[in-house]
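Undergrad: Below is the sequence, then the predicted model.
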Amino acid sequence: MTNPNHAGQIGAIRRILAEHGRLSADAAGLAPDADLYRAGMTSHASVNVMLALEGEFDVEFPDHMLTRAVFGSIAAIHSAIAELTGGRN
Amino acid sequence: MTEPGTLRVGIDLVQVSRVAESLERFGDRFLRRVFTEREVAYASADPAQTAERLAARFAAKEATLKALDLADRMTWRDVEVRRAPSGACAVELSGGAARAAAQSGAFELALSLSHEGDYAAAVVVARLSPERGS
């Protein structure tokens, strides 16, 4: 069964990537483990994605999570969001 | 594999208007998460050049990341552009970036910044110790 929180978070992540990620591919069609940097996301775009995620999920990424890998794929972003929200979203 | 004593180089190009958009959209959060207090102070000293100065500093951080292969071992504020009274700029590392640089044997970094129109660019050259660069 699909977890509605999980699906909602993934949908929000895809929407933010579409708006801020500057991807060459459609964010809606990207595989969860697709490399976002290979899909065209620049480092500067990844910062915008991070800041938009913080606003969307009302979280703050601590310094140790501000690394390239944390924003490297939809699945990695979702894992980080889940860790920061503790399942409250 | 890196040969002892090898020079490493990193380059990055940033669109100034994109940085201005980030500033407009995310404001202080963008500044606080990416730049050090000294970098923000210098960039903010001339509002007409704030986005351009920040763009150049962002490019320098990314160029340093590339030169030292720091991808998952640094945060943006670990790499700071320091500006001498003469105008010469240099990279100063702290935190994870400094530790990673030491591990790789990097003992000297050289930075060059450039602006033209809507773009800012940075090149960083790293020199690795013959004893530790491997």
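TA: Ah, there it is. Numbering: from 1, shown residues only, chains lettered A, B, ... in the order given.
Undergrad: Could you list the low-confidence segments of the chain?
TA: In the absence of a named chain, chain A is used. A:1-4, A:87-89 (pLDDT under 70).
Undergrad: Actually, chain B is the one I wanted.
TA: Across chain B, the ranges flagged by pLDDT under 70 are B:1-4, B:131-134.
Undergrad: Go again with 90.
TA: Residues of chain B that meet the criterion pLDDT under 90 lie in B:1-6, B:70-75, B:85, B:87, B:107, B:129-134.
Undergrad: Just the strands from it, written as ranges.
TA: Applying DSSP state E to chain B gives strands spanning B:7-15, B:79-83, B:89-93, B:106-116, B:119-128.
Undergrad: Could you please name the strands the longest one pairs with and the direction of each pair?
TA: Paired strands of strand B:106-116, with direction, are strand B:119-128 (antiparallel) (DSSP bridges).
Undergrad: quick one: the strand it pairs with to strand B:89-93, angle?
TA: Per axes from the mean of the first three to the mean of the last three Cα atoms, to 10 degrees, the angle that strand B:119-128 makes with strand B:89-93 is 60 degrees.
Undergrad: Can I get the strands of chain B in CSV including mean neighbour count?
TA: Placement of C-beta: from N, CA and C, glycine included. Formatted as CSV, those follow (neighbours: other Cβ atoms under 10 Å in any protein chain shown):
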stretch, mean neighbour count
strand B:7-15, 18
strand B:79-83, 21
strand B:89-93, 18
strand B:106-116, 16
strand B:119-128, 21
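Undergrad: could the ones you listed be laid out in a markdown table, adding distance to B:Ala48?
TA: A markdown table is the format used below for those (distance: least, Cβ to Cβ, whole Å):
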| stretch | distance to B:Ala48 |
| --- | --- |
| strand B:7-15 | 18 |
| strand B:79-83 | 17 |
| strand B:89-93 | 19 |
| strand B:106-116 | 13 |
| strand B:119-128 | 15 |
